[in-house]
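> the amino acid sequence is not available; the structure is as follows:
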């Protein structure tokens, strides 16, 4: 049923839906600042009149939310997203949140100005927050998910991009075993991080595959920061039979390990070998750190492209993608002294 | 002269200016994607009919352009801008550019989506680029200006936020002189950076004030990166009468210096004292670096607030602001061995 020509279609739809023309226009343009019920009512009316509502990627803006910016790795994460966005003429808005604070503020701002989607790094929005994202039609990709993808603490419908943490832990430890080390200690990250647990599991797998005993006395755990690496290395060095090599859960911890080893007058790799994880500034250490390279920039770029697939209507998208880690051998690893 | 009531004012202005109503609406709403000549013509007509055109800060988006993201300092710069923007409900779009490339792409995207202003870090847009910014009504604040504020290479109308580079160089060197060092070497940054020159001038001032000779054999210069710090330290150590202390132009160079000193079996600070500049990750070094703290986050926050003053119509704004550096004493400095 057509309205008479003297009255515009949008005005007619606005009257029929009991909203302003501006609200109709917002829905037509894919803006997110319209209440879901209203949006659905207007969408139905628009479609009935042959209007196409183009999903997603209308604003040219994608949000990057970072759970913590404690360290140089943030830079590469940001650059990866910025570069991928630039390729298609999009812009990246960067926001930092800490748990519980900031998300609501961010969501209000993003809904007001419009956004094509959210890349959330090392921050898993809570179930209530995810509902609000869905209501605002803001698609979500989690980068470096803090919990197990598809695991019990997730609803199963969260898409994410991570790295091969288990493989990285395995590769780091195997490198030390192949150099001849028999007593390999591990500094693990916090138990609340799935990535930290997977890296330690990789460590244990490498020991078992190499025929070495898994001695939990050589496993210590703490936060992903320099002081934790320093303090936990002291603990390992105080063991009756201390390790001749240490795998750290990230480079920050490895920088702390270098401080603790320096205090005791121990040389790296002469007395103790050391492997980090991340490779943002590992080459800056004295000696330059052997480490497991995590492709941080490629991870946010991949997440950005997952959002684009949404917009392009690509079906059968993966729920979770893991990009490969890589062993980078520098100067902090060598055969043990005894050999 | 009023139009008749049956025809809306904006429609009349559009007809008179020979443009669409949508273009008139863009100008009224402060959008930047209108050609300057057209904008001026429409603005005049709008003002003639009593319309107020609100300047700036209409989009809730401010752009942060970063000239290089080589190092952990980028993280603090981004966080400072993000936090300041959050306070007033604004969002920060982050983009990276290298010289010559990327600026035009960025400007086209920003003009299309709208922006309230540009904070440009360590990147001074060229005169032609500044003209395009002005034409698009995008205000500019340069953070960490690469050339001398108000100097010959600038037009004099660029507003900027920096840090007290000269004072920082002076404070670092005076700290070493007060510890008793008489042979203090300097690793300078590249001559094309005003900040690098100011830091070296501060070094020379401190030597003169301490009654020490300024020996240009003890001054070496290179890029702000780890390998340059390593190579230039080797050069200083090869001098017939090598320095007992070194001031580096940034922490990256100081990390390189630690590598070169380690190679030679020299202890820090036992054999050689070392001071850095920046304090993003200086505490991570072995030993933790004494350094000059540059308030990077406060600098981008201050630049953001300068844009806000624009929008609020604050008169008599400063052209250039310098935020204070601070000496942070850690474990890489001590009296020389001879004392």
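Done, it's in. Since the model is a prediction, treat every value here as computed from it, not as a measurement.
> all the helices of chain A, residue numbers only.
Per DSSP state H, chain A carries helices over the ranges A:9-17, A:21-28, A:36-48, A:73-87, A:103-113, A:127-135, A:165-178, A:194-209, A:226-237, A:251-263, A:296-312.
> now the angle between helix B:103-113 and the fifth one, please.
With axes from the mean of the first three to the mean of the last three CA atoms, to 10 degrees applied, the angle from helix A:103-113 to helix B:103-113 works out at 80 degrees.
> can you point out the buried residues in helix A:103-113?
Using 16 or more other CB atoms under 10 Å in any protein chain shown as the burial criterion, the residues of helix A:103-113 that qualify are A:103, A:106-107, A:109-111, A:113. For glycine as for every other residue, the C-beta is placed from the backbone atoms N, C-alpha and C.
> try stretch A:89-106
Residues of stretch A:89-106 classed as buried: A:90-97, A:102-103, A:106 (neighbour count, 16+ other CB under 10 Å).
> nearest to residue A:268 among those?
Nearest to residue A:268 among the buried residues of stretch A:89-106, counting by CB to CB, is residue A:96 at 33.7 Å.
> surely the closest one touches residue B:82?
Yes - taking contact to mean CB atoms under 8 Å, the distance of 5.7 Å between residue A:96 and residue B:82 places them in contact.
> hmm, back to that, worst average pLDDT in the helices of chain A?
The stretch with the lowest mean pLDDT among the helices of chain A is helix A:21-28, which comes in at a mean of 73.
> how about the residues of the stretch 1-150 of chain A by chain B?
By the rule CB under 8 Å from any CB of the partner chain, the part of the stretch 1-150 of chain A lying against chain B is A:59-61, A:63, A:69, A:71-72, A:74-75, A:78-79, A:82-83, A:86, A:89-96, A:102, A:105, A:108-110, A:112-113.
> and the residue of chain A closest to chain B?
The shortest separation between chain A and chain B is 3.7 Å, found at residue A:72 (distances taken as CB to the nearest CB).
> tell me the contacts of that residue?
Taking CB atoms under 8 Å, 6 or more residues apart in numbering or on different chains as the criterion, residue A:72 is in contact with A:280-281, B:71-72, B:75, B:280-281.
> for it, which non-adjacent residue is closest in space?
Counting by CB to CB, 6 or more residues apart in numbering or on different chains, residue A:72 lies nearest to residue B:72, which is 3.7 Å off, once chain neighbours are set aside.
> quickly list what residue A:64 is bridged to.
Residues found in beta-bridge contact with residue A:64 (criterion: DSSP bridges) are residue A:94, residue A:119.
> what's the neighbour count on it?
A count of nearby residues for residue A:64, using other CB atoms under 10 Å in any protein chain shown, gives 24.
> how about residue A:335?
Residues lying near residue A:335 (other CB under 10 Å) number 15.
> go on, residue A:65?
Other residues near residue A:65 come to 24 when the count uses other CB under 10 Å.
> show me what contacts the closest residue in space to it that isn't next to it in sequence?
Sequence neighbours aside, residue A:120 is the residue nearest to residue A:65 in space, at 4.5 Å (criterion: CB to CB, 6+ apart). For residue A:120, the residues meeting the contact criterion (CB under 8 Å, 6+ apart) are A:65, A:67, A:140-143.
> do the same with residue A:297
A:76-77, A:79-80, A:83.
> which among the residues you listed count as buried?
With neighbours counted using 16+ other CB under 10 Å, the contacts of residue A:297 contain these buried positions: A:76-77, A:79-80, A:83.
> domain-wise, how is chain A divided?
Using automatic domain parsing, the domain ranges for chain A come out as A:9-48, A:61-163+A:296-323, A:165-294.
> among the ones you listed, which is the most enclosed?
domain A:165-294 (a mean of 22; mean count of other CB atoms under 10 Å in any protein chain shown).
> touching, residue A:223 and residue A:189? I think so.
Yes - when contacts are counted by CB under 8 Å, residue A:223 is listed as touching residue A:189 (7.4 Å).
> how about the residues of the stretch 201-339 of chain A by chain B?
Residues of the stretch 201-339 of chain A that fall close to chain B, judged by CB under 8 Å from any CB: A:226, A:252, A:255-256, A:258-259, A:262, A:280-281, A:283-288.
> please repeat the previous calculation with a cut-off of 6 Å.
On the criterion CB under 6 Å from any CB of the partner chain, chain B has as its neighbours in the stretch 201-339 of chain A the residues A:226, A:255, A:258-259, A:262, A:284, A:286.
> how close does residue A:124 sit to residue A:67?
Shown here: residue A:124 relative to residue A:67, a distance of 8 Å by CB to CB, to the nearest Å.
> repeat for residue A:228
Going from residue A:228 to residue A:67 by CB to CB gives 18 Å.
> go through stretch A:332-339 and flag the buried ones.
Burial within stretch A:332-339, assessed by neighbour count using 16+ other CB under 10 Å, is assigned to A:332-334, A:336.
> pick the one among the residues you listed closest to residue A:208.
Relative to residue A:208, the closest of the buried residues of stretch A:332-339 is residue A:336; by CB to CB it sits at 19.7 Å.
> I figured that closest one hits residue A:183, correct?
No - at 8.3 Å, residue A:336 does not count as touching residue A:183 under the criterion of CB atoms under 6 Å.
> can you list residues touching both of the two?
Common contacts of residue A:336 and residue A:183, defined by CB atoms under 6 Å, 6 or more residues apart in numbering or on different chains, comprise residue A:244.
> got the contact list for the nearest residue to residue A:233 once chain neighbours are set aside?
Residue nearest to residue A:233 in three dimensions, not counting chain neighbours: residue A:260, with 3.7 Å by CB to CB, 6+ apart. When the contact criterion is CB under 6 Å, 6+ apart, the partners of residue A:260 are A:230, A:233-234.
> what separation do you get for residue A:260 and residue B:140?
With CB to CB as the criterion, residue A:260 and residue B:140 are 47 Å apart.
> try residue A:109
From residue A:109 to residue B:140 the distance is 23 Å (CB to CB).
> ok, and what's touching stretch A:187-203?
Defining contact as CB under 6 Å, 6+ apart, one finds that stretch A:187-203 is touched by A:146-148, A:165-166, A:169-170, A:173, A:186, A:220-221, A:223-224, A:232, A:247-249, A:253.
> ramachandran coordinates for the residue nearest to residue A:177 when sequence neighbours are not counted?
Of all residues not flanking residue A:177 in the chain, residue A:210 sits nearest, at 4.0 Å (CB to CB, 6+ apart). For residue A:210, the backbone dihedrals (degrees, to the nearest 10) come out as phi -90, psi 0.
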